[in-house]
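In: one predicted model, sequence on top.
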Amino acid sequence: ALKETLGVSASTCSYSDWIGTDLLVLIGTDLANNQPVATKYLYEAKKKGTKIVVVNPFREPGLERYWIPSVPESALFGTRLTDRFFQINTGGDTAFMNGVLKYLVEHSLLDDQYIREHTTGFDRVAGAVSETTWSDIERFSGCSQNDIAEFAQTYGQAKSAVFVWSMGITQHRYGVDNVKSIVNVALARGMIGKEKCGLMPIR
């Protein structure tokens, strides 16, 4: 999916971009259990004011509160990591992200200059999500229109954002579509190729 959309099938940023980004979106991933070293970066990001949101079918306890061993205070008392959790249906990822894109299009929360200079075929994608009904998006995503709108508004107000996903997105019948939907949302607001922005698939 990344190869087809961006030309390179690799992360577009590094862990250091998490620290200081406005918004960090975790989709289909449980970093606390599967990439525990990454929780130190989440901790440092929150200290810099980063907002962390999670999109997942299951509310992972480790992402709610985690005891980071290398931080004495956290090791003793735990650290709240997630600012907002959006619970979707299993397999509802593409519908959720398409709903976010639909909201961005409907409310003119796009980076038109970036789209014009760095993308092709965006009008076709925007047209497709605009034609999708909110009732279908709600049914397939498992999220209400209000919840999707809240996510889209948060993202629409962010000047920088990093999207991180794991095998909850990729090891899936529709894994390619899942990743493409994330890429579309990132491109819609120019969140690729800038400092503190990017797309990061992790194991």
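Out: Structure's in. What do you need? Residues are numbered from 1 along each chain as shown.

In: chain center to stretch 18-38, what's the gap?
Out: Put simply, stretch 18-38 sits 10 Å off its chain's centre (Cα atoms, centre = their mean, to the nearest Å).

In: now the end-to-end length of that stretch.
Out: Stretch 18-38 has its terminal residues 10 Å apart, counting by Cα to Cα, to the nearest Å.

In: how about that stretch: buried residues?
Out: Neighbour counts over stretch 18-38 (16 or more other Cβ atoms under 10 Å) mark 18-19, 21-32, 35, 38 as buried. Using the backbone N, CA and C atoms, a C-beta is placed for each residue, glycine as well.

In: same thing with stretch 168-186?
Out: 168-169, 172, 175, 177-186.

In: from the buried residues of stretch 18-38, which ones fall inside helices?
Out: Secondary structure from DSSP state H places 31, 32, 38 of the buried residues of stretch 18-38 in helices.

In: now the nearest residue to residue 31 once chain neighbours are set aside: how far from residue 115?
Out: Spatially, and ignoring its direct neighbours in sequence, residue 31 is nearest to residue 38 (4.6 Å; Cβ to Cβ, 6 or more residues apart in numbering). For residue 38, the distance to residue 115 equals 31 Å [Cβ to Cβ, to the nearest Å].

In: if we can go back for a sec, in CSV, list the ones in helices among the buried residues of stretch 18-38 along with pLDDT and distance to residue 133.
Out: Output for these, formatted as CSV (pLDDT from 0 to 100; distance: Cβ to Cβ, whole Å):
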residue, pLDDT, distance to residue 133
31, 87, 34
32, 85, 36
38, 90, 37
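
In: nearest to residue 7 among these?
Out: Checking those against residue 7 with Cβ to Cβ, the nearest one is residue 38 at 26.1 Å.

In: picking up where we left off before, for the ones in helices among the buried residues of stretch 18-38, which one is nearest residue 75?
Out: Using Cβ to Cβ, residue 32 comes nearest to residue 75 of those, at 13.8 Å.

In: quick one, what contacts the closest one?
Out: For residue 32, the contact set (Cβ atoms under 8 Å, 6 or more residues apart in numbering) comprises 39, 60, 62, 63, 66, 81.

In: and the residue nearest to the second one when sequence neighbours are not counted, what does it touch?
Out: Meaning residue 60. In space, residue 60 comes closest to residue 30 once its chain neighbours are excluded; the distance is 4.4 Å by Cβ to Cβ, 6+ apart. For residue 30, the contacting residues are 56, 60, 62, 63, 166, 168, by Cβ under 8 Å, 6+ apart.

In: now do residue 172
Out: 91, 93, 178.

In: tell me which of those residues is nearest to residue 51?
Out: residue 93 (20.1 Å).

In: check the secondary structure at the closest residue to the closest one other than its chain neighbours for me.
Out: Leaving out its chain neighbours, the residue that sits closest to residue 93 by Cβ to Cβ, 6+ apart is residue 178, at 4.6 Å. Counting by DSSP: H, G, I helix; E, B strand; the rest coil, the backbone at residue 178 sits in helix.
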